[in-house]
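> I need the structure of the sequence given here:
(chains A, B, C and D)
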2 protein chains.
Amino acid sequence: MAASRRPISKDEPNRRAEILRAASRLFAEKGYAATTIRDIAKAVDMQSGSPFYHFKSKHDMLLAVVLEGIETISRAVSEAAAGGGTPRQVFEAMLLAHLEQLLADDGRHFAATLLHESKHLDAEAHAALVERKDRYEGLWQKALANLKRAGDIGDDSHVARLFLLGGLNWTVQWYRPDGVCSVPVIARQISSLLLKKAH
Amino acid sequence: MAASRRPISKDEPNRRAEILRAASRLFAEKGYAATTIRDIAKAVDMQSGSPFYHFKSKHDMLLAVVLEGIETISRAVSEAAAGGGTPRQVFEAMLLAHLEQLLADDGRHFAATLLHESKHLDAEAHAALVERKDRYEGLWQKALANLKRAGDIGDDSHVARLFLLGGLNWTVQWYRPDGVCSVPVIARQISSLLLKKAH
DNA sequence: CCTACCGATCGGTAGG
DNA sequence: CCTACCGATCGGTAGG
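This is a model prediction of the structure:
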């Protein structure tokens, strides 16, 4: 019975997070520039001026979405990398972790915004993002070097790393949750395409 | 001496093409939604209402850019595929052709717009594009099947094709014309990453 | 292709 | 967090 349309208590500490989730979905689907504050407000059942109570500008919303995106992926892949095992096992765990963050229901709009809308950040925010991205890509460079040392891959150059991450990131464009391929299946196919057959 | 700012004759048959070139660059750099008709007009030294003498709407400009993008790439890769040779040679020629169109000075903004701004097309235009894209991807599916038959690759599944094209398309994000890697070098590294060593 | 303009929409704010 | 609003900008058009 009680409340009708806002079942949560007055001091909702997650109202800000709700706005970010809605914003990430709209930024991913329509693009940052084509998304209006009014779109976002409507998605969380607010009036058009109210999001500015939580964020000082639309640009700040984008920055928050993008940073949460890179942070979430970095954390997941770091943990996978720290799991231990052979270079091949580590690599496959990282592959799966990256794809899960990219394609999972909850995080995929954050990832898509990170990948496609970062160009709308101002210079300062963009620099902060590049720093985090470089750190993240370092994880992959290390994993590829270990694969190469173990003889599991022929090439661990920059081009190889960029091509790999590009192919992974592009899955956002074609993956459908209701499709035939599950995320683990995709991960396995990609790894077997790149790695030499186990002896 | 003669004319000052418009050195070309009155009946310039390429004025429309100039607008498209400017539009493709702006769409690629700032995104479709963030690009204004006034931006485009200024880039070709026109007044803000004048582009509408050549295109009936901003949407039509986007459609023209996107169609020229897919047409140019399709033609180049088709010709490479028709060049003949072993499956491996054909594949490497296609790889190089695709990358050249994607990264070359003249076509790269058309390609980038095609890859990242197609979501702003209306339903009808989008359907027309999907049809052409499917036809294009068919070229790659055939090439991968031939590679598989020849034993040059382990997997010719849909995932393999999508991963490959994704990795190629992502080069747009990181390739710099003034960087250390030339386009043929990139093509060769990618092909050696995917194909088994020649016996 | 330019001039002059319109209606709509947008990000953001004051004041409560 | 809502109400009411502002100044700026945008896509597009009429009329030449």
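> Stretch A:181-199 vs chain B: in contact?
Yes: against chain B, stretch A:181-199 shows contacts by C-beta under 8 Å from any C-beta of the partner chain at A:C181, A:V185, A:I186, A:Q189, A:I190, A:S192, A:L193, A:L194, A:K197. Where you see a C-beta, it was placed from the backbone N, CA and C, and this is true even at glycine.
> Which residues does whichever helix or strand A:R38 is part of contact?
Applying DSSP states H and E as the criterion places A:R38 in helix A:37-43. By C-beta atoms under 8 Å, 6 or more residues apart in numbering or on different chains, the residues outside helix A:37-43 that reach it are A:19, A:22-23, A:25-26, A:30, A:47-52, A:58, A:61.
> re earlier: narrow the residues of stretch A:181-199 next to chain B to those that are buried.
Neighbour-count burial (16 or more other C-beta atoms under 10 Å in any protein chain shown) applied to the residues of stretch A:181-199 next to chain B gives A:C181, A:I186, A:Q189, A:I190, A:S192, A:L193, A:L194.
> how about the helices in chain A?
Remark: helices assigned in chain A by DSSP state H are A:15-30, A:37-43, A:51-54, A:58-81, A:87-103, A:108-117, A:123-149, A:158-174, A:183-194.
> Once you drop chain neighbours, what's closest to A:L63?
Leaving aside its sequence neighbours, A:L63 sits nearest to A:A125 (C-beta to C-beta, 6 or more residues apart in numbering or on different chains; 4.9 Å).
> again, but for A:E92
A:S191 (5.2 Å).
> Please report how far that neighbour lies from B:A143.
22 Å (C-beta to C-beta, to the nearest Å).
> Between the two, tell me which one has more neighbours.
For A:S191 versus B:A143, the count of surrounding residues by other C-beta atoms under 10 Å in any protein chain shown is larger for B:A143: 25 against 16.
> Give the full set of residues in contact with that one.
Contacts for B:A143 (C-beta under 8 Å, 6+ apart) come out as B:A81, B:P87, B:V90, B:F91, B:M94.
> top of those residues by neighbour count?
Result: B:F91 is most packed of the contacts of B:A143 (other C-beta under 10 Å), 25 neighbours.
> Please read off the pLDDT at that residue from the model.
Here, the pLDDT recorded for B:F91 equals 98.
> for it, what are its contacts?
Taking C-beta under 8 Å, 6+ apart as the criterion, B:F91 is in contact with B:A143, B:L144, B:N146, B:L147, B:D152, B:S191, B:L195.
> which residue packs closest to the last one, ignoring adjacent ones?
Pointing back at B:L195 there. That would be B:D152: by C-beta to C-beta, 6+ apart, it lies 5.0 Å from B:L195.
> so who does the one you found touch?
Per C-beta under 8 Å, 6+ apart, neighbours of B:D152: B:P87, B:R88, B:F91, B:L195, B:K196.
> Quick check: of those residues, which lies closest to A:K133?
Nearest to A:K133, judged by C-beta to C-beta, of the contacts of B:D152 is B:L195 at 29.4 Å.
> give me the residue from chain A nearest DNA strand C.
The nearest approach of chain A to DNA strand C comes at A:G49, 2.6 Å away (C-beta to the nearest atom of the strand).
> how many neighbours does that residue have?
10.
> Next up, phi/psi of it, please.
Dihedral angles phi and psi of A:G49 (degrees, to the nearest 10) take the values phi -90, psi -10.
> ok, now which ones touch it?
By C-beta under 8 Å, 6+ apart, A:G49 lies in contact with A:A41.
> and with 10 Å instead?
Going by C-beta atoms under 10 Å, 6 or more residues apart in numbering or on different chains, A:G49 touches A:I37, A:R38, A:A41.
> Check A:L99 too.
A:A76, A:L168, A:N169, A:T171, A:V172, A:Y175, A:V183, A:P184, A:I186, A:A187, A:I190.
> Can you flag the buried ones in these?
Taking 16+ other C-beta under 10 Å as the criterion, what is buried in the contacts of A:L99 is A:A76, A:L168, A:N169, A:T171, A:V172, A:Y175, A:V183, A:I186, A:A187, A:I190.
> With respect to A:L139, which of these is nearest?
A:A76 (10.8 Å).
> Run through chain A and note the low-pLDDT ranges.
Across chain A, the ranges flagged by pLDDT under 70 are A:1-12, A:198-199.
> can you tell me how far the residue nearest the centre of it sits from A:T171?
The centre of chain A sits closest to A:A111, judged by C-alpha atoms, centre = their mean, with a distance of 2.7 Å. Using C-beta to C-beta, one gets 10 Å for the distance from A:A111 to A:T171.
> anything in contact with each of the two?
By C-beta under 10 Å, 6+ apart, A:A111 and A:T171 have these common neighbours: A:H98, A:L102, A:L103.
> would you turn those into a markdown table with distance to DNA strand D and neighbour count?
Putting the shared contacts of A:A111 and A:T171 into a markdown table (distance: C-beta to the nearest atom of the strand, whole Å; neighbours: other C-beta atoms under 10 Å in any protein chain shown) gives the following:
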| residue | distance to DNA strand D | neighbour count |
| --- | --- | --- |
| A:H98 | 33 | 25 |
| A:L102 | 29 | 24 |
| A:L103 | 30 | 20 |
